[in-house]
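Asker: Here is a sequence with its predicted model. Questions after.
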Amino acid sequence: MMAPFGLMSVGANLLVKSLGLFSSASVVRCSCVAPVLKSFSTTTGGPPKRPMTAYMTYVKEMHPTISRQNPGVKNVDIVRKLAQQWKMLTPEQKQPFQNASLSYREQYKFALEKYKAQLTPAQTAALAVEKQQKVAKRKAIRRKKELNSLGKPKRPRGAFNIFMSEHFEEAKGSTIQSKMKSLRDDWERFSATQKQMYIQLAEDDKVRYKNEIKSWEEHMIEIGRADLVRGKERRAVKAKTTKDTKKKITVLKAKAPKKKTAVKKTVKSTKK
């Protein structure tokens, strides 16, 4: 169902007037949240663009006006302010943008079905592989962010990496690629004696990493995140836990009081 754009326009105007974004005296006239739904073009041969969320619809509608009214404000600050304002909106104020987002999603579904219908089996398979790669990439990025937030130590650097970080700024070349090539050429021309200092620094960094990762993994186990510990270490911890559990059970059994066996008394009848 298409969103009621007339109501959306009124809602957007009232919203900006009530918020007075960046200026209490400003009265912003919004054309409307989504005057005309643009068709999702597939002229480039790719799939249709994913629909905007309610929040992104809000930012797209409000950003141009706020930007014109505040030419000295950086774009990142405008977006940050819009994000803060979005959190302060009531459900009723958000409703027009949610309606617009719903309409975008409906049209996206229709365009996506139309796009998939014109694909060959080979293109469909390639699209599925591309989707899997994107999902895997997103998971890897999320995992890396999680490990960084948990303070996982940085892996040790090699001798050449240490050399490169020390001399990158002064390296010949105007691009990263040219600088890298220049540094690689310099490194290959180095004698064993010249390389020895960086080799020793790399060895020291390995020791640093070994100590730090051991402490970090012990901490991860303590807080219940053994899933982040390396496989070998995790198996060692599991084996130790199992061994300690068995030992504890053995000790408890040894300390447990022995059960008294019932003694059956046989009453012998004597002949008188």
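Answerer: Noted; the coordinates are in hand.

Asker: so where's the chain shaky on pLDDT?
Answerer: Where the chain drops to pLDDT under 70, the residues are 1-45, 232-272.

Asker: Distance of Met56 relative to Gln98?
Answerer: Distance from Met56 to Gln98, counting by C-beta to C-beta, to the nearest Å: 12 Å. Yep, even glycine has a C-beta here, placed from its N, CA and C like the rest.

Asker: higher neighbour count, the two?
Answerer: Gln98 (17 against 14; other C-beta atoms under 10 Å).

Asker: Excluding sequence neighbours, find me the nearest residue to the more buried one.
Answerer: Ala54 (4.3 Å; C-beta to C-beta, 6 or more residues apart in numbering).

Asker: Report the separation between the one you found and Asn70.
Answerer: Distance of Ala54 to Asn70, computed by C-beta to C-beta: 24 Å.

Asker: who's more crowded, the two?
Answerer: Higher neighbour count among Ala54 and Asn70: Ala54, with 20 against 16, using other C-beta under 10 Å.

Asker: Just to check, that one is in contact with Ala100?
Answerer: Yes: with contact defined as C-beta atoms under 8 Å, Ala54 reaches Ala100; the gap is 7.3 Å.

Asker: What count of nearby residues applies to Pro96?
Answerer: So Pro96, with other C-beta under 10 Å, has 28 neighbours.

Asker: can you pull out the helices in the stretch 1-150 of the chain?
Answerer: For the stretch 1-150 of the chain, the helices defined by DSSP state H, counting those that start in this stretch occupy 5-19, 54-69, 75-88, 91-117, 121-149.

Asker: dump the residue contacts of Phe168.
Answerer: Counting by C-beta atoms under 8 Å, 6 or more residues apart in numbering, Phe168 makes contact with Lys179, Leu183.

Asker: can you list the domains in the protein?
Answerer: If you go by automatic domain parsing, the domain ranges for the chain are 5-118, 121-149, 159-253.

Asker: quick one: the helices in the stretch 151-272 of the chain?
Answerer: 159-167, 176-189, 192-222, 231-255.

Asker: Point out the most buried one among the domains of the chain.
Answerer: Across the domains of the chain, averaging neighbours per residue (mean count of other C-beta atoms under 10 Å) puts domain 5-118 on top, at a mean of 15.

Asker: From Pro156, how far off is the closest residue to Leu228 other than its chain neighbours?
Answerer: Nearest residue to Leu228, sequence neighbours excluded (C-beta to C-beta, 6+ apart): Met220, at 5.0 Å. For Met220, the distance to Pro156 (C-beta to C-beta) stands at 19 Å.

Asker: From Val59, how far off is Lys114?
Answerer: According to C-beta to C-beta, Lys114 and Val59 sit 28 Å apart.

Asker: again with Gly224
Answerer: For Gly224 relative to Val59 (C-beta to C-beta), the value is 38 Å.

Asker: what do you get for Ile221?
Answerer: 43 Å.

Asker: do the same with Gln84
Answerer: With C-beta to C-beta as the criterion, Gln84 and Val59 are 12 Å apart.

Asker: Could you do Tyr198 as well?
Answerer: 48 Å.

Asker: Ala117 too?
Answerer: In terms of C-beta to C-beta, Ala117 sits 33 Å off from Val59.

Asker: Tell me how far the residue nearest to Gln98 lies from Asp205.
Answerer: 48 Å.

Asker: rewinding a little: mind putting the helices of the stretch 1-150 of the chain into JSON lines with distance to Asp185?
Answerer: Formatted as JSON lines, the helices of the stretch 1-150 of the chain follow (distance: least, C-beta to C-beta, whole Å):
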{"stretch": "helix 5-19", "distance to Asp185": "59"}
{"stretch": "helix 54-69", "distance to Asp185": "47"}
{"stretch": "helix 75-88", "distance to Asp185": "40"}
{"stretch": "helix 91-117", "distance to Asp185": "48"}
{"stretch": "helix 121-149", "distance to Asp185": "32"}
